[in-house]
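Chemist: turn this into a structure:
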Amino acid sequence: MSDVLKRRTSVHSSKKQQSSFKSVKKKIQGATNKIRNVASLRLNEVCNWLTARLGLNG
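Modeler: Below is the predicted model of the structure:
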């Protein structure tokens, strides 16, 4: 009986860990996407500023 209980607890714990890992992974992916978006916007701003400073705008 003890073995069955240990196995069941182990399986439950494993599923809980997978769920937790997926949740953390999703949060990290969301944060990474936000960072990419901000970096892209900032790069655009820098390019526009530099283009204007160098007098390269059409």
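Chemist: going by C-alpha atoms from here, please, whenever you check contacts or count neighbours.
Modeler: OK.
Chemist: how close does the residue nearest the centre of the chain sit to Val38?
Modeler: With distances taken as C-alpha atoms, centre = their mean, Gln29 lies nearest the centre of the chain, 1.8 Å away. Noted for Gln29: a distance of 14 Å to Val38, by C-alpha to C-alpha, to the nearest Å.
Chemist: Asn37 and Val46, how far apart?
Modeler: Asn37 is 14 Å from Val46, by C-alpha to C-alpha.
Chemist: where does the protein dip in pLDDT?
Modeler: Judged by pLDDT under 70, the chain has its weakly predicted residues at 1-2, 4-12, 58.
Chemist: could you redo the last one with a cut-off of 80?
Modeler: Scanning the chain with the threshold set as pLDDT under 80 gives 1-13, 15, 57-58.
Chemist: all helices for it, in order.
Modeler: Secondary structure of the chain, counting by DSSP state H: helices at 2-53.
Chemist: picking up where we left off before, next one: the residue nearest to the centre of the chain from Ala52, what distance?
Modeler: Taking C-alpha to C-alpha as the measure, Gln29 falls 35 Å from Ala52.
Chemist: what do you get for Gln18?
Modeler: Distance from Gln18 to Ala52, counting by C-alpha to C-alpha: 51 Å.
Chemist: and Asp3, by the same measure?
Modeler: Relative to Ala52, and taking C-alpha to C-alpha, Asp3 is found at 73 Å.
Chemist: so which of those two has more stuff around it?
Modeler: Neighbour totals were compared for Asp3 and Ala52, and Ala52 leads with 12 against 8 (other C-alpha atoms under 10 Å).
Chemist: what's the burial count for the residue lying closest to Thr51 once chain neighbours are set aside?
Modeler: The shortest distance from Thr51 to any non-neighbouring residue, by C-alpha to C-alpha, 6 or more residues apart in numbering, is to Asn57 (5.9 Å). Look at Asn57: counted by other C-alpha under 10 Å, it has 10 neighbours.
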